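>>> everything below, folded, please.
(one chain, ligands or ions: 1)
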Amino acid sequence: MTAISLGLDDQLLCPFCGFDYTHIETVRVGARKEDDPVYLIAVEPSTARIEAAYSTEQPPSSRRSWVELIVDCEECPGGSIVIAQHKGQSFVSTRPNLTEAPAAPPF
Ligand SMILES: [Zn+2]
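Here you go, the predicted structure:
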């Protein structure tokens, strides 16, 4: 499955399971000129909050900018669609949601 797939009505399909009921929960941007310090900005649509910084252990681009859409899926844990600049090209990739809360204990 490719990072961005569309349904019959051009709705975004989950890049991890293909389900067509997804929600954009957060938009993250790492903005900079080549090799300059990066400005990390996150927008939470549900609260209309803008965070001036967020943590990233592995930035999607080591030298340039990126946009990350956090996709919440109604069928699976979802994850991110990332568009990252690298050497004059823009690459689209996915990252599974690794921060999903663990399942409740069975008791
Ligand atoms: Zn899914």
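
>>> ok, the closest residue in space to residue 32 that isn't next to it in sequence - contacts?
In space, and not counting its chain neighbours, residue 32 is closest to residue 38: 4.5 Å by CB to CB, 6 or more residues apart in numbering. For glycine as for every other residue, the C-beta is placed from the backbone atoms N, C-alpha and C. Residues near residue 38 by CB atoms under 8 Å, 6 or more residues apart in numbering: 30, 31, 32, 59, 65.

>>> one more pass at 7 Å, please.
Residue 38 is in contact with 30, 31, 32, 59, counting by CB atoms under 7 Å, 6 or more residues apart in numbering.

>>> need those in CSV with distance to the ion, neighbour count and pLDDT, can you?
Output for the contacts of residue 38, formatted as CSV (distance: CB to the ion, whole Å; neighbours: other CB atoms under 10 Å; pLDDT from 0 to 100):
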residue, distance to the ion, neighbour count, pLDDT
30, 24, 22, 93
31, 28, 13, 92
32, 31, 17, 89
59, 24, 17, 83
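
>>> in helices, which of those fall?
Using DSSP state H, no member of those falls in helices.

>>> how close does residue 58 get to residue 67?
According to CB to CB, to the nearest Å, residue 58 stands 16 Å off from residue 67.

>>> in the sheet, who's paired with residue 40?
Beta-bridge pairing for residue 40 (DSSP bridges): residue 30.

>>> who touches the lowest-mean-pLDDT helix or strand in the chain?
Counting by mean pLDDT, DSSP states H and E, the weakest-scoring helix or strand in the chain turns out to be strand 49-51, with a mean of 88. Contacts to strand 49-51, defined as CB under 7 Å, 6+ apart, come from residues 41, 42, 43.

>>> flag every buried residue along it.
Judged by neighbour count using 16 or more other CB atoms under 10 Å, strand 49-51 contains no buried positions.

>>> all good on my end, thank you.
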